[in-house]
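1. pasting the sequence and the predicted coordinates here, then a few questions.
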Amino acid sequence: MEAESIDTYQQKSKQIIRAAAYLQGIAIVIAGSILHFKPSGYREMGQCFSILALFASFAVARWYIYNGKKLEAMKTFSSEEGNAIKNEYFFRFFAPYIFWVACMWVFS
């Protein structure tokens, strides 16, 4: 029973990572389109969109952390697995924060 729960939470983590990748990809395309086409009021539009994307990234990261804490309560990770998970978290979830803050600066 516990092995099934662990597998379920690991699959859910992978789904969250895919959802985050799709969200970031779509958001980057929209921000790039705003910057390229420059509609009237594009600076305000781009800044608001960057803030929205930053909050969405934060929400997905919190969802991933919540799921990870449940998984961590059921399974003990080796130090290598733990470091791999931390690196994956940094690349997939923390790095976009820096990107969206830079976008807010570009649109200001």
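-> Received it, and whenever you're ready, just let me know what you need.

2. quick one: buried residues of whichever helix in the chain runs longest?
-> Looking across the chain with DSSP state H, the single longest helix is helix 2-37. Residues 9, 12, 13, 16, 17, 20, 23, 24, 27, 31, 34 are the ones in helix 2-37 that count as buried (16 or more other CB atoms under 10 Å). The way it works is simple: take the backbone N, C-alpha and C, and place the C-beta from them, glycine included.

3. let me know the closest of those to residue 63.
-> Of all these, residue 63 sits closest to residue 16, with 5.9 Å by CB to CB.

4. now the helix or strand hosting residue 98: buried residues?
-> Element membership for residue 98, per DSSP states H and E: helix 95-107. Within helix 95-107, the residues that qualify as buried are 96, 99, 100, 103, 104, 107, counting by 16+ other CB under 10 Å.

5. and it, what's its mean pLDDT?
-> The average pLDDT within helix 95-107 is 91.

6. and the angle for it with helix 2-37?
-> Helix 95-107 runs at 20 degrees relative to helix 2-37, counting by axes from the mean of the first three to the mean of the last three CA atoms, to 10 degrees.
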